[in-house]
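Asks: Pasting a predicted model and its sequence here:
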Number of protein chains: 2
Amino acid sequence: MSTTQASKIEIIKAPNTKINEVDFDNINFGSVFTDHLFECDYKNGEWQTPTIKPYAPFMMDPSSRVFHYGQAIFEGMKAYKDDNNDIWLFRPDENIKRFNSSAVRMAMPEVPVSLFTEGLNQLLKLDEAWIKKGLGNTLYIRPFMIATGFGVVANPSDEYKFMIILSPAKAYYSGEVKVLVAEHYSRAANGGIGSAKTAGNYAGQFYPTSLANKEGYQQIIWTDDATHTKLEEAGTMNVFFRFNDTLVTAPTSERILDGVTRKSLIDMAKREGINMEVRPVLISELTEGIKNGSLKEIFGAGTAAVVSPIKGFAYKEEYFELPKIENSIALQLKEKLTNIQHKLAEDPFDWTVKI
Amino acid sequence: MSTTQASKIEIIKAPNTKINEVDFDNINFGSVFTDHLFECDYKNGEWQTPTIKPYAPFMMDPSSRVFHYGQAIFEGMKAYKDDNNDIWLFRPDENIKRFNSSAVRMAMPEVPVSLFTEGLNQLLKLDEAWIKKGLGNTLYIRPFMIATGFGVVANPSDEYKFMIILSPAKAYYSGEVKVLVAEHYSRAANGGIGSAKTAGNYAGQFYPTSLANKEGYQQIIWTDDATHTKLEEAGTMNVFFRFNDTLVTAPTSERILDGVTRKSLIDMAKREGINMEVRPVLISELTEGIKNGSLKEIFGAGTAAVVSPIKGFAYKEEYFELPKIENSIALQLKEKLTNIQHKLAEDPFDWTVKI
């Protein structure tokens, strides 16, 4: 962490705080933002003066490339406050690395690690009152970059805006969801942008998901687009399956996001002595697993919800409900991971970083 | 065209025109915009008062959905002025229909045809001085819609902005380009969003195209992502192949945009008595066609360039140059279509619409 870089950030403080208007016990995820944001523009081939300033709308030209050609990437991270009022991040290096991988795939400039880190840390310190103590209280961090260059010609922009905005969040629990296994729609192509955390990947899911919603399923388990037999992601999360006492998840690829929660759960499971397999998972294994009783759990894994249990899935117009179980590996791993993140348990992996 | 709808548009005229600052003979495509734009917001489940107002930047919240989840669609159209100073559009119904198909696929509200038509027509009338007479002079029309609702949660927005902006353009000619046949990267998945004219499809092409550029190829011929053997699009255009005196182009699908120029060329070719086949085209047909001399022409087809001749292609590290030919069907069709669009030739298809 270079202090020279830090000193370069221009800070404009908000005249007032909005924090007293917020009911922290009743916040819809991603709907309330803190007093400040971090912003840095990319122009003439270089990053300009970074700024922390009051959260506010900003001007965009109607011909801005992001509106027309979709150069837009983001990350999802969380900050936690422990009982000593120290602020912690969880594996921020992984998010920054992925952000820059996404940038390369979308023909956008990479954000220097020091710029990203310093901007985030100073923003968090300034808005630290928005990070509440206690299990389940987090500050969701949304770094993103958009193409701001002018002109309706389908080429990469020459100007970009990198921003970090912060949103206080309670534990995100969507309930036990029913999912539909995709037989027609897909989220990613071979050689496509499925492993980049880019805006267009999400918009593409909304319509198929709305169709699933109408049939009573909250999410879709995405399959490979060529054969629709390999199970790849669940909604906007990675997906894990438990057969007897073995956990299985698909390997990352160009079609599958390299999730930080996913890779953390893999490492934790291994350390716990759980048999952990990273290999393609076929839909036939699920229907077989229901029939012979070996399929015990399915769950999504992602930053927002950490772990999201799935109670059943539909495939080829048939609904398969998972058995009720006593000792959910999903919930055990969730508890352990959440405790590490909140500094309530030892962190044998050195994943947590104090800012 | 309902006059009641028309009377509802609120018009705020620009105090001055920028037209005298523009050198119409030297405009980079998509870089200059006219004095006004059309705008209509969607809120509370309905379209609000449509407005024509001076072209200007507008405010966006940092959490606007388009920045994070990519709900953004657009169209490309052109207006032409004939020798009588009448203004003409080319098959606008096809663009409006496709715009609304894209809207459905991206979980966005459809724009009522009357709103789209009236907004466009009144905008064109107000900025009619920007449409120059003469072959090669056009006004490029960019209707687009973006998600403006707040909040970083991956759900469809509840608010949208529909805009039309106008950009004067000279004939768009990219020269005879060399293309690279995609062996790894892809633009669309089966069951994906390839047939929607949505922002993210374009951003995904930039990086693979930049790699091709470095090797000396201006564009990529996209192939199906599962086998990389079927030839689907060229850059951001549909693609045609001429074997001896037969034209061939791939059928539209979820992976291929239903191009207005593409379908117009198909109809024109048929009327000209050219043997026109719409069927999957394999890369092996191209390499065979070079060897046996049957492959005569390859060209892209799209609104901006109309027809874009391709002079050779690379596949598996080998470059195949097309033979020089005397009577290019591509250029003949381009001339006929351009003449129809500019009202310099009879329009047997009733494609042109006077506003």
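Replies: Happy to help now that I have it. Numbers count the residues shown, from 1 in each chain, chains lettered A, B, ... in the order given.

Asks: Report whether residue A:121 is found in a helix, as I expect.
Replies: Yes: assignment of residue A:121 by DSSP: H, G, I helix; E, B strand; the rest coil places it within a helix.

Asks: check contacts around the nearest residue to it once chain neighbours are set aside.
Replies: Distance criterion C-beta to C-beta, 6 or more residues apart in numbering or on different chains; nearest residue to residue A:121, sequence neighbours excluded, is residue A:355 at 4.5 Å. Every C-beta, even on glycine, is put in place using the N, C-alpha and C of the backbone. Applying C-beta atoms under 8 Å, 6 or more residues apart in numbering or on different chains to residue A:355 gives the contacts A:79, A:87, A:88, A:89, A:120, A:121, A:124, A:125.

Asks: Residue A:355 and residue A:81: what is the separation?
Replies: 11 Å (C-beta to C-beta, to the nearest Å).

Asks: and the helix of greatest length in chain A with helix B:199-214, angle?
Replies: Using DSSP state H to define each element, chain A has its longest helix at helix A:199-214. Angle of helix A:199-214 versus helix B:199-214, following axes from the mean of the first three to the mean of the last three C-alpha atoms, to 10 degrees, is 150 degrees.

Asks: Now do the buried residues in helix A:199-214.
Replies: Using 16 or more other C-beta atoms under 10 Å in any protein chain shown as the test for burial, helix A:199-214 gives A:199, A:200, A:201, A:202, A:203, A:204, A:205, A:206, A:207, A:208, A:209, A:212.

Asks: which other helices and strands contact that helix?
Replies: If contacts are counted by 3 or more C-beta pairs under 8 Å, 6 or more residues apart in numbering or on different chains; DSSP states H and E, helix A:199-214 sits against strand A:72-74, strand A:219-223, helix B:65-69, helix B:92-105, helix B:199-214.

Asks: Among those, which comes closest to residue A:278?
Replies: strand A:219-223 (17.2 Å; C-beta to C-beta).

Asks: next SSE after that closest one?
Replies: Going down the chain from strand A:219-223, the next helix or strand is strand A:231-234, by DSSP states H and E.

Asks: Average pLDDT for that following strand, rounded please.
Replies: The average pLDDT within strand A:231-234 is 96.

Asks: That one near chain B at all?
Replies: No: judged by C-beta under 8 Å from any C-beta of the partner chain, strand A:231-234 makes no contact with chain B; its nearest approach is 11.4 Å.

Asks: who does that strand pair up with?
Replies: Here strand A:231-234 is paired, per DSSP bridges, with strand A:219-223 (antiparallel), strand A:237-243 (antiparallel).

Asks: Compare those strands and report which one is nearest to residue A:37.
Replies: strand A:237-243 (26.2 Å).

Asks: Next secondary structure element downstream of the closest one?
Replies: strand A:246-249.

Asks: Direction included, what does that following strand pair up with?
Replies: Strand A:246-249 is paired, per DSSP bridges, with strand A:237-243 (antiparallel), strand A:275-278 (parallel).

Asks: just those: most buried one?
Replies: Mean neighbour count, computed with mean count of other C-beta atoms under 10 Å in any protein chain shown, is highest for strand A:237-243 among the strands paired with strand A:246-249, reaching a mean of 24.

Asks: what residues does that strand touch?
Replies: Against strand A:237-243 from outside (C-beta under 8 Å, 6+ apart): A:221, A:231-233, A:247-250, A:256-257, A:259, A:261-262, A:265, A:281, A:285-286, A:289, A:294-302, A:305, A:308, A:310, A:329-330.

Asks: again, only this time at 6 Å
Replies: A:233, A:247-249, A:259, A:262, A:281, A:289, A:294-302, A:329 (C-beta atoms under 6 Å, 6 or more residues apart in numbering or on different chains).

Asks: Type out the ChimeraX command that picks the buried ones from those residues.
Replies: With 16+ other C-beta under 10 Å as the criterion, this ChimeraX line picks the buried residues out of those:
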select /A:233,247,248,249,259,262,281,289,295,296,297,298,299,300,301,302,329
